[in-house]
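>>> structure for the following, please:
(one chain, ligands or ions: 2)
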Amino acid sequence: MKHFINTDEVEDLVALANEGLVLKKQGVGKKPGEGKVLTCLYLNPSLRTRLSTEIAARKLGMECINLAADSAWKLETRSGIVMDGDAAEHLKEQAEVLGRYSDIIAIRAFPLLKDAQEDYHDDFITRFAKYCDIPLVSLESGSLHPLQGLADLMTIQETKKVARPKIVLTWAPHPRQLPQSVANSFSRTIQQAGFDLTIACPEGMELSEEYTGQATLVHDQEEAFEGADYIYAKNWSSFHDYGRTIQRPDWTVTQEKMSRTNQGRFMHCLPVRRNVVVSDDVLDSEASLVGQQAENRIYAAQAVLKNLLSQ
Ligand SMILES: NCCC[C@H](NC(=O)CCC(=O)O)C(=O)O
Ligand SMILES: NC(=O)OP(=O)(O)O
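Ligands and ions are numbered 1, 2, ... in the order given. You can find the predicted model right below:
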């Protein structure tokens with residue numbers, strides 16, 4: 001793989017997840033990143049992504065530089081523009097310079113949630129990739145969060161009790177307008193690895209068909225929970241009425257709903273709004289895998305960086 005922007009670029013995703021799990025058990029060994037630089041550019045806040053990616057890079061022997069976009073020059077991303085406004089630098093120069101300073105660049109750039117075409121096919125990372133010929137890693141783009149998807153796949157591989165568990169991705173309430181990226185990546189990654197997926201959401205909150213693939217779509221959350229081995233909760237804003245949010249407090253994941261599952265495990269990428277997305281008792285129970293998911297972000301990033309370093 002040249003970049004890690006979309007898990008479709010990965011030839012064997014299950015092998016990459018297994019490589020991450022081996023790194024978790026056995027450590028890195030000889031450091032393949034000695035003398036190499038990873039630059040991470042953050043246009044949005046982060047806790048897990050920033051720390052796990054830096055830890056992964058350091059364990060591989062790399063130097064990791066984190067750059068917050070608001071501490072660099074204000075950037076122009078459009079082509080052919082007369083730059084007589086606030087923006088002092090063009091994406092073209094920024095990409096070239098970061099490319100000359102680094103061996104791998106990683107970028108977090110959330111969608112603006114105004115224009116689906118722009119967020120899904122012409123977002124910041126896609127534009128950046130045009131001007132930069134070194135490997136790029138997405139730390140969450142306009143439409144995907146592939147490192148999260150990979151860590152979530154590793155967490156399911158580590159904990160599953162049956163070969164074909166029932167996996168449910170459920171929409172959950174949230175007070176803000178959020179991207180579809182985590183949900184898109186979970187759906188895509190899980191199905192790419194050969195698992196079946198059920199997606200539960202209120203009517204009108206269906207994800208893009210580009211990412212739902214063969215998933216079974218249901219609008220009755222409690223029906224979806226019946227016999228489930230995994231419940232992955234996430235809020236997302238509407239894809240079809242792009243960026244619209246709805247208030248449905250009856251979709252909070254509760255212990256009562258979890259009791260319909262097959263002693264199902266609870267998953268969320270974090271950060272999570274307690275008693276909005278999921279109730280305290282579920283999050284604080286043995287069923288919760290959220291800490292393990294966050295830990296696996298280190299090994300997902302290690303597997304990805306190691307592969308890109310070997311190109
Ligand atoms: N890193 C994974 C989640 C990032 C982002 N969540 C958020 O922005 C939550 C913010 C809040 O709860 O206010 C999202 O949904 O894509
Ligand atoms: N799960 C995740 O990406 O967390 P952060 O937003 O804190 O990086």
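
>>> and the end-to-end length of stretch 7-17?
11 Å (Cα to Cα, to the nearest Å).

>>> need the contact partners of that stretch.
With contact meaning Cβ atoms under 8 Å, 6 or more residues apart in numbering, stretch 7-17 is reached by 1-4, 144, 146, 149-150, 153-154, 157, 185, 188-189, 192-194, 300, 303-304, 307. Where you see a C-beta, it was placed from the backbone N, CA and C, and this is true even at glycine.

>>> cool, and stretch 162-170?
156, 183, 186-187, 190, 195-201, 215, 221, 224-225, 227-234, 251, 253, 262, 264.

>>> from those residues, which land in strands?
197-200, 230-234 (DSSP state E).

>>> generate TSV for these, with distance to Asp84, pLDDT and neighbour count as supplementary columns.
Output for the ones in strands among the contacts of stretch 162-170, formatted as TSV (distance: Cβ to Cβ, whole Å; pLDDT from 0 to 100; neighbours: other Cβ atoms under 10 Å):
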residue	distance to Asp84	pLDDT	neighbour count
Leu197	49	98	22
Thr198	52	99	18
Ile199	47	99	25
Ala200	50	99	24
Tyr230	53	99	25
Ile231	52	99	29
Tyr232	47	99	28
Ala233	47	99	25
Lys234	42	99	23
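
>>> quick check, nearest of those to Gln292?
Ranked by distance to Gln292 (Cβ to Cβ), the ones in strands among the contacts of stretch 162-170 are led by Tyr230 at 12.1 Å.

>>> let's have the ones in strands among the contacts of stretch 162-170 in a markdown table, adding distance to Tyr211.
Below are those laid out as a markdown table (distance: Cβ to Cβ, whole Å):
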| residue | distance to Tyr211 |
| --- | --- |
| Leu197 | 11 |
| Thr198 | 15 |
| Ile199 | 10 |
| Ala200 | 15 |
| Tyr230 | 18 |
| Ile231 | 19 |
| Tyr232 | 14 |
| Ala233 | 17 |
| Lys234 | 13 |
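
>>> closest to ligand 2 among those residues?
Lys234 (10.3 Å; Cβ to the nearest ligand atom).

>>> for the protein, what's the longest helix?
helix 290-309 (DSSP state H).

>>> how about it: buried residues?
Within helix 290-309, the residues that count as buried by 16 or more other Cβ atoms under 10 Å are 290, 293-309.

>>> how far is it from where the chain is centred?
The chain centre lies 12 Å from the centre of helix 290-309; the measure is Cα atoms, centre = their mean, to the nearest Å.

>>> how about the residues of the stretch 51-200 of the chain by ligand 1?
Contact residues, the stretch 51-200 of the chain versus ligand 1 (Cβ under 6 Å from any ligand atom): 140, 176, 178-179, 181-182.

>>> identify the farthest-apart pair in those.
Pairwise distances across those peak at 15.4 Å for Glu140 and Arg176 (criterion: Cβ to Cβ).

>>> give me the more crowded residue out of these two.
Set side by side, Glu140 and Arg176 show more neighbours around Glu140, with 26 against 8, by other Cβ atoms under 10 Å.

>>> re the thing from before, restricted to helices, list the residues of the stretch 51-200 of the chain next to ligand 1.
Residues of those located in helices (DSSP H): 181-182.

>>> in TSV: the residues of the stretch 51-200 of the chain next to ligand 1, plus pLDDT and distance to Leu13.
Below are these laid out as TSV (pLDDT from 0 to 100; distance: Cβ to Cβ, whole Å):
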residue	pLDDT	distance to Leu13
Glu140	98	18
Arg176	98	31
Leu178	98	25
Pro179	98	22
Ser181	98	17
Val182	99	17
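
>>> closest one of the residues of the stretch 51-200 of the chain next to ligand 1 to ligand 2?
Using Cβ to the nearest ligand atom, those come closest to ligand 2 at Glu140, 6.2 Å.

>>> confirm for me that the closest one is in contact with Thr53.
No: between Glu140 and Thr53 there is no contact under Cβ atoms under 8 Å: 11.2 Å.

>>> show me the contacts for Lys59.
By Cβ under 8 Å, 6+ apart, the contact list for Lys59 reads 27-28, 31, 298, 302.
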